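Trainee: Coordinates for the following, if possible.
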Amino acid sequence: MHASADLIFNLLESNLNIDLNKFLLKNYENIDVKYLEILFAKKITYGLEKKIFDIQLQKENYEFVLTFSKQLFPDLHNYYDTIIARKVDPVLYFELWKNGYASLVPTEYFNVYFDSQVEKYTEIDTWIQRGVLQINEISEILYNRILNISEIRNRTDFYTKLYSIQKFIQLNSNNISVIQSLEDGFSKLILWHLGYSDYFDLELLKFKFIYFQPEEQVYIFKRLFYLKHTNQLEFSFNELDKIVRADIDIYLDNEQFKNDYVLDISTHVILEAINNYIEKRNFFFESELIRVDLKNNSNKKFKIENYFEKCLGRMNAEWDWKTEGKIRKIRYPENPDLFYWGIEIPLGVLKDEENRYGQYTYFEKNSNFDFLLKEVKKLPGAKWNPALKIWGVLSKYESEVYLFAKKNRFFIEFEDKRHYSNNIHLVKYSRNDKRGNPNIPVGIKYCEGRKANKFDTRLKKEFWWCVNESCFQNEEVDHLGCDFENNCGSVKKVWEHYTLLDILNILNINTDEYKNSPIDFVPKGHYYKFVGHINAFNRLLEKLYWEDCGELLYPTQTSHFALFRDVHFHCENIECRMHNHDIYLSHCLNGECANIVDSRISKKCSLKLHICDLCGTCCSVEMFKED
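Mentor: Model prediction:
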């Protein structure tokens, strides 16, 4: 006779005087597992627990067998743990061990488990903290993993060895010398990359650079220029270009590798741009690589980044006419050609307010009056004029009076009424708009301000041209100086801040722009013109992701992506309704507009040319005006 689970539970709960062992011998095969914990708490005949475990083992209820044998019958746990380890798939046993059920360290399986996924290596610390794994055990496993990968054939091999070396050293810093002793160029490259060694051979990077993740490619590329700048490594641009290009050639020529590489296109763009500038004094370029890489990695959103200073907002100048007082010239009645400075400090103001009794007027004293009075008395020869109610200071103390005005926000009123030029000290500079948001021009991500060759006429201050408007501080930072390196903080290494401009300076490449008609000189003009094109190209790239099918649009008339030249694109997805349909994309020629003219949404003018949907002008009107 078999008992139901509910009947067994009720018998135990009611504490009836029954022969439990006799009852279980007849029914243990059919007892619901959720009640077995209750039964184990009762006194049962020796050997009965083994029968229960055996039947649960047959039912493949491994978690139950391992859990309760460990908790209640330790002498049986090793027995069943060994049986299960031999019986089940290594993947299943690893999961049982990882989740704390099994106790035998799955050493052999670790040789398969530790691969190119960094998350797996972070689990090691948890296992050590739980006491299920000893540092010496996992260190030996990782060391054997390192030795077993003698040749880097793909990205999986690359990152398996990299992460194994990284964790091996993290477990014990003495392991650095163990890796250094290996006759393995790749291991030495990894030690350098991880910051454990200063030894570096540029040739070691050959055919390995492309394996690094895109963000690591940027890190390495900038670090190499830091080493060059600090005279720790010597190389020419051509040497570096050849080494990186060796990887690119593999990528383009070998189909078997294409799905295994992920290139940092921005670094490639920088290389191409520098090459073109050295040869042609022009940063423009064409790239087959961009097209191929985007085809192989169509899910990534491509933008050129990492090598330019971000725009934090246009630095605007605004006059704040809320002042503490006024300064003017007081002419001597007997000789109008002579004057002295008259400084007026308002004692306070009359204010009108309304309460429940009606409107009333009261005098509110200037809270800064006492302080300003002390300040004006410090001026040389300052005297009080009771008739005019002003403080007078001789005209020869002009510089002291101006310094007082600047320090204490006093308005200077001259007869010429040039309030702006006379009160530059009342200007406030801000990158934010009236709502407090960064005043970033539409379509601008990276600072492209080109320094004007003259000062602003009103402010007598240098400024930069950005999208045809003035900006009073661009984002150019000298990352090569000692001051920056000493104060850049510990979050990033100094070279991580490098921009293309820093790289060009390290290479002693001059980007100043000289114009003949009209004659003009623009410091770093070619560089900032290029940044402007990068901003424009990135705006164009946003339009290249076709929402209908999610695929990227490609140039129609060439196999290359040309910086700032391509205008005709099409979708190569044969299942897309717009397959091979010509799409026109171009930057609006209106200098005040940063929009991309898109034939999918723009209308045409009478000349059959596309009209900008943002500013409403025909993108080619200027062309006809010139003819």
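Trainee: Wait, Ala102 touches Leu96, no?
Mentor: Yes: contact criterion CB atoms under 8 Å: Ala102 and Leu96 qualify, at 4.1 Å. (Glycine included, C-beta is placed from N, CA and C.)
Trainee: for this protein, what's the longest helix?
Mentor: The longest helix of the chain (DSSP state H) is helix 525-543.
Trainee: May I see the buried residues of that one?
Mentor: Of the residues in helix 525-543, 525-541, 543 count as buried by neighbour count, 16 or more other CB atoms under 10 Å.
Trainee: ok, back up a step: which of Ala102 and Leu96 has more neighbours?
Mentor: Neighbours per residue, other CB atoms under 10 Å: of Ala102 and Leu96, the larger number sits with Ala102, 26 against 21.
Trainee: Who are the contact partners of that one?
Mentor: By CB atoms under 8 Å, 6 or more residues apart in numbering, the contact set of Ala102 is Leu66, Asp81, Ile84, Ala85, Tyr93, Leu96.
Trainee: same check, this time on Ala405
Mentor: Ala405 neighbours (CB under 8 Å, 6+ apart): Ile327, Phe411, Ile412, His425.
Trainee: nearest to Asp548, of those residues?
Mentor: Checking the contacts of Ala405 against Asp548 by CB to CB gives His425 as the nearest, at 57.5 Å.
Trainee: Kindly indicate whether that closest one is helix, strand or coil.
Mentor: helix (DSSP: H, G, I helix; E, B strand; the rest coil).
Trainee: residue contacts, it?
Mentor: Counting by CB under 8 Å, 6+ apart, His425 touches Tyr402, Ala405, Lys406, Arg409.
Trainee: related to what we said a few turns ago, any idea which of the contacts of Ala102 is closest to Leu202?
Mentor: Tyr93 (45.9 Å).
Trainee: Just to check, the closest one is in contact with Ala85?
Mentor: Yes: using CB under 8 Å, Tyr93 is in contact with Ala85, at 5.4 Å.
Trainee: show me where the stretch 201-350 of the chain has strands.
Mentor: 286-287, 316-319, 325-332, 335-344, 348-355 (DSSP state E, counting those that start in this stretch).
Trainee: With respect to burial, which of those scores highest?
Mentor: strand 286-287 (a mean of 19; mean count of other CB atoms under 10 Å).
Trainee: re the thing from before, mind checking which of Tyr93 and Ala85 has more residues around it?
Mentor: Using other CB under 10 Å as the criterion, Tyr93 and Ala85 rank with Tyr93 on top: 21 against 16.
Trainee: Low-confidence ranges, the stretch 1-150 of the chain, go.
Mentor: 1-47 (pLDDT under 70).
Trainee: Give me the nearest residue to Phe463, chain neighbours excluded.
Mentor: Among residues not flanking Phe463 along the chain, Ser470 sits closest, at 4.6 Å (CB to CB, 6 or more residues apart in numbering).
Trainee: so how many other residues sit close to the one you found?
Mentor: Neighbours of Ser470 using other CB under 10 Å come to 17.
Trainee: Tell me the spacing between it and Leu263.
Mentor: 39 Å (CB to CB, to the nearest Å).
Trainee: do Cys488 as well
Mentor: 28 Å.
Trainee: For those two, indicate the residue with more neighbours.
Mentor: Taking other CB under 10 Å, Cys488 and Leu263 do not tie; Leu263 has more neighbours (23 against 16).
Trainee: Tell me if I'm right that the more buried one and Tyr211 touch.
Mentor: No: Leu263 is not in contact with Tyr211 according to CB under 8 Å; the separation is 10.6 Å.
Trainee: before we move on, the earlier item: tabulate the contacts of Ala405 (CSV), appending distance to Tyr62 and pLDDT.
Mentor: Shown next, in CSV, are the contacts of Ala405 (distance: CB to CB, whole Å; pLDDT from 0 to 100):
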residue, distance to Tyr62, pLDDT
Ile327, 90, 94
Phe411, 86, 93
Ile412, 88, 91
His425, 80, 89
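Trainee: Tell me the one of those residues nearest Asn355?
Mentor: Using CB to CB, the contacts of Ala405 come closest to Asn355 at Phe411, 33.1 Å.
Trainee: Report whether that closest one is found in a strand, as I expect.
Mentor: Yes: according to three-state DSSP, Phe411 belongs to a strand.
Trainee: so where does Asn474 fall, helix or strand?
Mentor: Following DSSP states H and E, there is no helix or strand that holds Asn474.
Trainee: closest to His193 among the contacts of Ala102?
Mentor: Closest approach to His193 among those (CB to CB): Tyr93, at 35.0 Å.
Trainee: what sits against that closest one?
Mentor: Taking CB under 8 Å, 6+ apart as the criterion, Tyr93 is in contact with Ile84, Ala85, Ala102, Leu104, Pro106, Tyr109.
Trainee: For the residues you listed, name the two members farthest from one another.
Mentor: Greatest spatial distance among those (CB to CB): Ile84 and Tyr109, at 13.7 Å.
Trainee: Of these two, which one has the most company?
Mentor: Just comparing Ile84 and Tyr109: by other CB under 10 Å the higher neighbour count belongs to Ile84, 20 against 16.
Trainee: show me the contacts for the more buried one.
Mentor: When contacts are counted by CB under 8 Å, 6+ apart, Ile84 touches Leu57, Tyr62, Val65, Leu66, Tyr93, Leu96, Ala102.
Trainee: what do you get for Asn368?
Mentor: So Asn368 contacts Glu324 (CB under 8 Å, 6+ apart).
Trainee: Same check on Ile583?
Mentor: Leu553, His568, Phe569, His570, Cys571, Asp598, Ser599, Arg600.
Trainee: Near the fourth one, how many other residues are there?
Mentor: If I follow you right, that is His570. For His570, using other CB under 10 Å, the count is 18.
Trainee: Find the helix or strand that it is a member of.
Mentor: With DSSP H and E as the criterion, His570 is inside strand 568-571.
Trainee: packing partners for that strand?
Mentor: Counting contacts by 3 or more CB pairs under 8 Å, 6 or more residues apart in numbering; DSSP states H and E, strand 568-571 packs against strand 553-555, strand 583-587.
Trainee: Now tabulate the ones you listed in TSV and tack on mean pLDDT.
Mentor: Output for the helices and strands packed on strand 568-571, formatted as TSV (pLDDT from 0 to 100):
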stretch	mean pLDDT
strand 553-555	75
strand 583-587	80
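Trainee: buried ones in stretch 472-487?
Mentor: Counting neighbours by 16+ other CB under 10 Å, stretch 472-487 gives Phe472, Gln473, Asn474, Glu475, Glu476, His479, Leu480 as buried.
Trainee: For that stretch, which outside residues touch it?
Mentor: So stretch 472-487 is contacted by 229, 309-312, 315-317, 429, 447, 449, 451, 456, 459, 461-464, 466, 488, 494, 497-499, 501-502, 505-506, 524 (CB under 8 Å, 6+ apart).
Trainee: What's the end-to-end length of that stretch?
Mentor: End-to-end span of stretch 472-487 (CA to CA, to the nearest Å): 24 Å.
Trainee: Now do the buried residues in stretch 149-158.
Mentor: Buried, per 16+ other CB under 10 Å, within stretch 149-158: Ile149, Ile152, Arg155, Asp157, Phe158.
Trainee: in the stretch 501-627 of the chain, which ranges drop under the pLDDT threshold?
Mentor: Confidence mapping of the stretch 501-627 of the chain against pLDDT under 70 gives the ranges 517, 550, 557-566, 591, 619-627.
Trainee: swap the cut-off to 50 and go again
Mentor: For the stretch 501-627 of the chain, applying pLDDT under 50 flags the ranges 621-627.
Trainee: ok, now the stretch 251-400 of the chain?
Mentor: Applying pLDDT under 50 to the stretch 251-400 of the chain flags the ranges 255.
Trainee: how about the nearest residue to His581, chain neighbours excluded?
Mentor: His570 (6.1 Å).
Trainee: Actually, Cys612.
Mentor: Cys588 (4.4 Å).
Trainee: Likewise for Cys447?
Mentor: Glu475 (3.7 Å).
Trainee: any idea how far Thr499 is from that neighbour?
Mentor: 9 Å.
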